[in-house]
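J.: Sharing a model that was predicted from the sequence below.
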Amino acid sequence: MFRKIPATVITGFLGAGKTTLIRNLMESAGGRRIALIVNEFGDVGVDGDILRGCGNEACGEEDIVELANGCICCTVAEDFIPTMQALIERDAPPDHIIIETSGLALPQPLVRAFGWPEIRTRVTVDGVVTLVDARAVADGRFAHDPAAIEAQRQADDMLDHETPLSELFEDQLACADMVVINKTDLVKEEDCAALEADIARHVRPGVSIVRTAHGRLPTDVLLGIGAAAEADMAGRSAPHHDHGDGDHHHEHDHDDFTSFLVETGEIADQAVFLEALREVIAAHDVLRLKGFVPVTGKPLRLAIQAVGPRVESWFERPFAPDEERQGRLVVIGQAGLDQVAITGALAEAAGRRAA
């Protein structure tokens, strides 16, 4: 079956930790062939060199492209579209494309570019990930070094918008499918909680907000969101558009996320089970859930992909003659998920029928 190449857009101000996040992602790519488009204008050359040192065979020299002609959202036709065409038309195209935007980029125009005829049938926006510098935002500065941001702005002759940092920050949040609060080791827990609550007021319903330090997050949390953002632009613009002390560290590493497998029997009622699944996800703050289940009377497996409260399902392939009709669902979330309660709730939901 034809499958579009997924692309993840990673945005955030200069210094928020985008490159570190990507480097960590590359080191746990799991054999995926990942192509990188780097557009941190004003820091050209540095990001590419760091990423080439990732030491992963899936990260080859030819898979890293630096767009040095200015802010990516202002050079879509001249730079971005031809670069994407070159990547997807290779004899061995990438499994996933990561795009690191300039901190000055408005993410909405970039996401809309995925609807251009040249690429829209071949690639899709898997998700927009916005990185937030916890210390800078807690201090009211939005970015670690506002002077460096201004120098970046002045150096970019192609920049066609003079959006203030506060409004750029709102744009990045409004377009996000996931917000990553980075550098949480530099702020107190109460400051981080207040920041998270404030961010929640600026993002669309269902957007995941996760915390980390040093850009460390599991690949399965960042990739595979399945947002198809280019076809879901409603609400991705901020309202202003017409169209610490260090004594309490709250650091999240891979060990602060957990995943486990839940096996189920046949599902008695597909619609009832999917609705129960949404309730379980909301009640237990599950980040991701994916897998398949058998449905009584159906020869095909029901595939399930859930990101936050958004649950998608489709019948994929028949069960093989010797294959056990058993469901397998992988649940992913931050540490502390109640595995017993979630497993029990899913088992109970599997046998439930409409009243």
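T.: Structure's in. What do you need?

J.: Give me the neighbour count for Gly206.
T.: By other Cβ atoms under 10 Å, 13 other residues sit near Gly206. C-beta coordinates here come from the backbone N, C-alpha and C atoms, glycine included.

J.: before we move on, what SS does it have?
T.: Here Gly206 is coil, with the state taken from DSSP: H, G, I helix; E, B strand; the rest coil.

J.: Which pLDDT does the model give it?
T.: Model confidence at Gly206, expressed as pLDDT, equals 86.

J.: who does the host helix or strand of Ile181 touch, helix- and strand-wise?
T.: Under the criterion of DSSP states H and E, Ile181 resides in strand 178-182. Contacts defined by 3 or more Cβ pairs under 8 Å, 6 or more residues apart in numbering; DSSP states H and E place strand 178-182 against strand 123-133, helix 189-200, strand 208-211.

J.: ranking those by burial, who's on top?
T.: A comparison of the helices and strands packed on strand 178-182 by mean neighbour count, using mean count of other Cβ atoms under 10 Å, puts strand 123-133 on top with a mean of 26.

J.: partners of it, with directions?
T.: Next to strand 123-133 in the sheet, as set by DSSP bridges, lie strand 5-11 (parallel), strand 178-182 (parallel).

J.: So which of those strands is nearest Arg301?
T.: Arg301 lies closest to strand 5-11 among the strands paired with strand 123-133, at 21.5 Å (Cβ to Cβ).

J.: so how far is that closest one from its chain's centroid?
T.: When distances are taken as Cα atoms, centre = their mean, to the nearest Å, strand 5-11 is centred 7 Å away from the chain's centroid.

J.: If you count contacts, what does the helix or strand that it is followed by end up packed against?
T.: Following strand 5-11 in sequence order, the next helix or strand is helix 18-27 (DSSP H and E). Using 3+ Cβ pairs under 8 Å, 6+ apart, the elements in contact with helix 18-27 are strand 5-11, strand 34-38, helix 46-52, strand 96-100, helix 219-222.

J.: Tell me where the stretch 1-150 of the chain is predicted with low confidence.
T.: Applying pLDDT under 70 to the stretch 1-150 of the chain flags the ranges 1-2, 40-62, 66-78, 142-150.

J.: mind running it again at 50?
T.: 1, 41-47, 50, 53, 55 (pLDDT under 50).

J.: and Ser166, what helix or strand is that in?
T.: helix 165-174.

J.: what angle separates that helix from helix 189-200?
T.: Helix 165-174 runs at 80 degrees relative to helix 189-200, counting by axes from the mean of the first three to the mean of the last three Cα atoms, to 10 degrees.

J.: in helix 165-174, what's buried?
T.: Within helix 165-174, the residues that count as buried by 16 or more other Cβ atoms under 10 Å are 165, 167-174.

J.: What is the nearest of those residues to Gln339?
T.: Leu173 (31.5 Å).

J.: close enough to count as contact, the closest one and Val203?
T.: Yes - between Leu173 and Val203 there is a contact at 5.4 Å, judged by Cβ atoms under 8 Å.
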